[in-house]
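Participant: turn this into a structure:
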Amino acid sequence: MPGDAQPHQGLRGGPSYLTAEHGLAAWFLTTDHKRIALLYAAALTVFFFIGGAGAVAIRMELFTPQADLLSADGYNRMFTLHGTVMVWFFLVPSIPNTFGNFLLPLMIGARDLAFPRLNLFSWYLFVGAGALLVYALVAGGVDTGWTFYTPFSTAYSQSYVMAAALAVVLVGFSSIATGVNFIATVHMLRAPGMTWFRLPLLVWALYGTSLVIVLATPVLTLVLLLIVAERAFGLPIFDPAYGGDPLLFQHLFWFYSHPAVYIMILPAFGVVSELVTCFSRRQVFGYTFMVYAILWIAVVGFLVWGHHMFVSGQSLFANIVFSFLSFIIAVPSAIKVFNWTFTLYRGQITFDAPMLYALGFIGLFTLGGLTGLFLASVPIDVHVTDTYFVVAHFHFIMVGGTVSAFYGGLHFWWPKITGRMYPDVWARFAAVLMFFGFCFTFFPQFIMGFLGMPRRYQVYPPEFQIWHVLSSSGAVLLAGAYLLPMGYLAWSLIWGERAEEDPWKATGLEWRTSSPPPRDNFRTMPAVDTGPYLYHPDEEGPRHDRPQAHQNQGRET
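Facilitator: Presented below is the predicted three-dimensional model:
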């Protein structure tokens, strides 16, 4: 039935978090984790469009072998804009700062995060960092690439390197504040009976991600401040003419930036786990192994930074060690793919839009992960370093994986966030379009990269044009897949059907309250006496002639 004009209601007719307070001040001074999640979502959408505009300009330029649209310097500044914005202002914070903020207290039965004011402060830090980065881009841009490699960033670049570096430092402090908040919340505010091994996998993923954020981000902060110090005060840190070491920057940068890969992908693992178990009506296969795989990734992720430096001049022994460790860290990721597959086995699978996004994630992440093993092999890495093979691998995991999971989670929890349902046919179409658009965009880049097409060049030999045309054409489909949900989700806010408390018949605590939830999440404190996924036992598959199990943990009376 079409939605009516009645205001959102919480439990027993009380106001939801959306209508409990009114006015701009109620939003910009709120300490409600759910409203702060929406503030983050609004800011992230802005940066997604800014970073996406850079990608559009890049693909338009690469449609032909000549420099038709951008100069060499302009092209450098454009891909730096795209990379810097998308990595630090969308991919890293996307799932933790939106779904993490909104869902973590709900999933563990808490009324809010441990430090609500710190949560709001982290959003203001994020917006301030974004404003500083936009200033750097508007004032003239940055031409170093998103990695800020020395000595170019310290001794030669005439662009706004310091402003961009300080922007990333500020957004790092925002991430640390969020990570500390999540860790404290999981330790201190779990509902009665919510033991560690009754936590949903999304909570485990956010917890592991928070540990990585808190331990790794200070290293990034340090190395970017050293760039600022060398540029501003001439300190001899990275300049070899004065006893500095330019490779020191790479070691420090990648010591953070490879764990940052897992900051982006671990939350996506958690989202996909929630979707797969719900829409296959099966318990997560090997829940304990999934938990330990998350922790394994969080720990070993700190030990593989050197595989980004196989051609930098480090010793052969170091290359062998980092190559071995890179293969080792593939094991927990493979465990997750196998466990998702066995969860699907004999399940009562329904292909709702969230499930299609989850299946797309599994396909894209698997292909991206397998090509990561190519790059972990020293001889192959030497051949494809700084080519489009690396670009394709990175995007298959970070963009194909993280964004697919983000959209899957958005469609899954949209009824809980807004109290509205969206048109399912359009949502399924968008999910399929995203998968094929992504493959059409980035798979040709594997081929051209293996054939020797270097990245970061806007002029290239004509024999690569066919691959660039295919990639740019696929980008049009991908852009449509990204934009289409924004249209029908906005439509659903006014005309969408009213959502039930639990439209998917899921089993988490977040579904045991109203849609949308009240200001304090639960009218009475929920209690937990079972595991997180009560669908069907591991050893027995569901049958269509038997009622589906449905968890009643924490349902309010």
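
Participant: packing partners for the one helix or strand residue 118 maps to?
Facilitator: When elements are assigned from DSSP states H and E, residue 118 belongs to helix 116-139. The helices and strands touching helix 116-139, judged by 3 or more C-beta pairs under 8 Å, 6 or more residues apart in numbering; DSSP states H and E, are helix 33-61, helix 72-86, helix 161-188. Heads up, the C-betas are built off the backbone N, CA and C, glycines and all.

Participant: what's downstream of the second one, the next helix or strand?
Facilitator: Spelled out, that is helix 72-86. Beyond helix 72-86 on the C-terminal side, the first helix or strand identified by DSSP H and E is helix 94-95.

Participant: ok, then the element right after that following helix?
Facilitator: From helix 94-95 onward toward the C-terminus, using DSSP H and E, the following helix or strand is helix 101-108.

Participant: what residues of that next one count as buried?
Facilitator: By neighbour count, with 16 or more other C-beta atoms under 10 Å as the criterion, the buried positions of helix 101-108 are 101, 102, 103, 104, 105, 106, 107, 108.

Participant: how far away from the center of its chain is stretch 506-513?
Facilitator: The gap between the average C-alpha position of stretch 506-513 and the chain average comes to 23 Å, counting by C-alpha atoms, centre = their mean, to the nearest Å.

Participant: mean confidence score for that stretch?
Facilitator: In this model, stretch 506-513 has a mean pLDDT of 90.

Participant: now stretch 331-345
Facilitator: When pLDDT is averaged along stretch 331-345, the result is 92.

Participant: numbering from 26 from now on, please.
Facilitator: From this message on, residue numbering opens at 26, which makes the last subject stretch 356-370.

Participant: contacts only, for residue 265.
Facilitator: Residues touching residue 265, when contacts are defined by C-beta atoms under 8 Å, 6 or more residues apart in numbering, comprise 176, 271.

Participant: per-residue confidence for it?
Facilitator: For residue 265, the predicted pLDDT is 86.

Participant: check the one 3 residues further on too.
Facilitator: Per-residue pLDDT puts residue 268 at 85.

Participant: the closest residue to it other than its chain neighbours: how many residues sit nearby?
Facilitator: With sequence-adjacent residues excluded and distances taken as C-beta to C-beta, 6 or more residues apart in numbering, residue 268 is closest to residue 261, at 5.5 Å. For residue 261, the tally of surrounding residues (other C-beta atoms under 10 Å) stands at 12.

Participant: ok, residue 261 to residue 273 distance?
Facilitator: 12 Å (C-beta to C-beta, to the nearest Å).

Participant: tell me the buried residues in the helix or strand hosting residue 492?
Facilitator: Taking DSSP H and E as the definition, residue 492 sits inside helix 490-520. For helix 490-520, the buried set under the neighbour-count rule, 16+ other C-beta under 10 Å, comprises 492-493, 495-500, 502-504, 506-507, 509-510, 513-514, 517.

Participant: and what of stretch 153-168?
Facilitator: Buried positions in stretch 153-168, judged by neighbour count with 16+ other C-beta under 10 Å: 154, 155, 157, 158, 159, 161, 162, 166, 167, 168.

Participant: put the alpha carbons of it into CSV.
Facilitator: Written as CSV, here are the backbone C-alpha positions of stretch 153-168 (Å, rounded to 0.1, in the frame of the first residue of the first chain):
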residue,chain,number,x,y,z
GLY,A,153,36.5,20.1,8.6
ALA,A,154,39.0,17.8,7.0
GLY,A,155,36.8,17.6,3.9
ALA,A,156,36.5,21.4,3.8
LEU,A,157,40.3,21.7,3.9
LEU,A,158,40.7,19.1,1.1
VAL,A,159,38.1,20.9,-1.0
TYR,A,160,40.1,24.1,-0.5
ALA,A,161,43.3,22.4,-1.7
LEU,A,162,41.4,21.1,-4.8
VAL,A,163,39.7,24.4,-5.6
ALA,A,164,42.9,26.5,-5.0
GLY,A,165,44.9,24.5,-7.6
GLY,A,166,44.8,20.9,-6.7
VAL,A,167,47.5,18.3,-5.8
ASP,A,168,49.7,16.5,-8.4
